[in-house]
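Trainee: Sequence first, then the predicted structure, then my questions.
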Amino acid sequence: MRIETKVASGAAASRAQAAVAALGLAPRPDFLAAYFTEGLDAEGVAAALAALGPRALHGGTSCRGVLSGAGMSAGPALGAFAIHDPTGDYGTEVLETGGDPRDAARRATLGALQRAGRQGEMPDLLWLTATPGGEEAVLAGIQDVVGPDVPILGGTAADDRFAGGWRVIGAAGARRDGVAVSVLFPSRPIAYAFQSGYAPTGERARVSAVDGRRLVALDGRPAADVYAGWSQLPALAKRSGGCGGPDLLGATAFAPLGRAAGCVVDVPYYLLTQPTAVHADGSIELLAAVEAGDELVMMRGLRDGLVGRAGRVARQTLELARHRAPPLGALLIYCGGGMMAVRDEMDEIASGITAALGGAPFLGLFSFGEQGCFNGGGNRHGNLMVACVSFGV
């Protein structure tokens, strides 16, 4: 197994074909993951990458840039993570969701297994990129095929302003509303981790009314009023309707909502969710689903903790692998809202990841939702999370 990561940005990445050429990737990788900013033509990126002859091509858009050992490369940018592993097996399928994300994910998983030549087998890892909305159903559709024990890691495709500019790509082209599923059967071991890095506060309430991903009421009161009282964030106190987008994502990045997802030695760990809009009736649009009766806790993150957490997650993958071998490379998912909150520290964050990985190459994307596998807690979808998978450990 050999891994290469390459990034093209600025003038070299202003057009799709030129950006792919600027990467200088070796041809015919066995698995090629690529992430790019919305300014690049997604169909053009898909076609140019497919011309390299990868056995499996998987990609999507990343919010405002990509991350690598060189730091954050702001858009226009294209990053690629190529695995050359002729004795491993890899397969990717990209489909439109078509209004039924669970069925699309189920069919994409079956298609990816067929492309890998491993029908009926359980992969070591399933790598996922979906467009926003219905990620919980996507996870359910994948697990309809592989069950709950195969780790799923991924990041929801993102644009720059939460305005629908996201895409997923594969060898057959780009999809605005779609799901990309890859099954990985690498020849070398992997290790993965999924964390939030936030601590619970004493502020908590029960969900008393919810409509899809719209949180209507907490403890019988308009959700925005309760959350604004906890957080003292002016953006949440606005009841004019339509308040949201990147400004709200950045404002709430230090005080998101959390749900206990399980316990380790009687200490709960949390799955986070973040608002994307506050409506005139006091309801809040979320990036992940909650259910009536759930207890939501306001979480708190400190800037220093958010700067250091990606390196901690990368380091945890090596600890879980018992440091069997130095990693050959890693893929990392970092929440786009979190990136907006600590944008000026992203180069420092990249240095921390590089140090944690012992200098191994990595590629990071900025997503509008993160999917990962808690140790002992199953595959989940949340926000403001960090996920990392290290290869060859």
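Mentor: Yep, it's here. Residues are numbered from 1 along each chain as shown.
Trainee: Return the distance of the top helix by length along the chain from the chain's centre.
Mentor: Criterion DSSP state H: the longest helix present in the chain is helix 303-320. Put simply, helix 303-320 sits 16 Å off its chain's centre (Cα atoms, centre = their mean, to the nearest Å).
Trainee: Can you name every helix or strand that that helix contacts?
Mentor: strand 190-195, strand 329-335, helix 336-341, helix 346-356, strand 386-391 (3 or more Cβ pairs under 8 Å, 6 or more residues apart in numbering; DSSP states H and E). C-betas here are computed from N, CA, C, even on glycine.
Trainee: Tell me the strands beside the last one, with direction?
Mentor: Based on DSSP bridges, the pairing partners of strand 386-391 within the sheet are strand 190-195 (antiparallel), strand 329-335 (antiparallel).
Trainee: what is the orientation angle of the last one with helix 346-356?
Mentor: Meaning strand 329-335. Strand 329-335 and helix 346-356 meet at an angle of 140 degrees, taking axes from the mean of the first three to the mean of the last three Cα atoms, to 10 degrees as the criterion.
Trainee: Show me the strands in the stretch 51-200 of the chain, by range?
Mentor: For the stretch 51-200 of the chain, applying DSSP state E, counting those that start in this stretch gives strands covering 57-61, 65-68, 71-74, 77-84, 89-96, 125-130, 152-155, 168-170, 173-175, 178-185, 190-195, 199-211.
Trainee: Could I get those in JSON lines, plus columns for mean pLDDT and distance to Ala292?
Mentor: As requested, the strands of the stretch 51-200 of the chain are exported to JSON lines (pLDDT from 0 to 100; distance: least, Cβ to Cβ, whole Å):
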{"stretch": "strand 57-61", "mean pLDDT": "98", "distance to Ala292": "32"}
{"stretch": "strand 65-68", "mean pLDDT": "98", "distance to Ala292": "37"}
{"stretch": "strand 71-74", "mean pLDDT": "97", "distance to Ala292": "39"}
{"stretch": "strand 77-84", "mean pLDDT": "98", "distance to Ala292": "40"}
{"stretch": "strand 89-96", "mean pLDDT": "98", "distance to Ala292": "31"}
{"stretch": "strand 125-130", "mean pLDDT": "98", "distance to Ala292": "25"}
{"stretch": "strand 152-155", "mean pLDDT": "98", "distance to Ala292": "26"}
{"stretch": "strand 168-170", "mean pLDDT": "98", "distance to Ala292": "31"}
{"stretch": "strand 173-175", "mean pLDDT": "98", "distance to Ala292": "32"}
{"stretch": "strand 178-185", "mean pLDDT": "98", "distance to Ala292": "27"}
{"stretch": "strand 190-195", "mean pLDDT": "95", "distance to Ala292": "26"}
{"stretch": "strand 199-211", "mean pLDDT": "97", "distance to Ala292": "5"}
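Trainee: Looking at the ones you listed, spot the one closest to Gly308.
Mentor: strand 190-195 (11.5 Å; Cβ to Cβ).
Trainee: And the next helix or strand past the lowest-mean-pLDDT helix or strand in the chain?
Mentor: Least confident helix or strand, the chain: strand 243-244 with a mean of 62, by mean pLDDT, DSSP states H and E. Once the chain leaves strand 243-244, the next helix or strand it forms, by DSSP states H and E, is helix 246-251.
Trainee: Fine, thanks again, bye for now.
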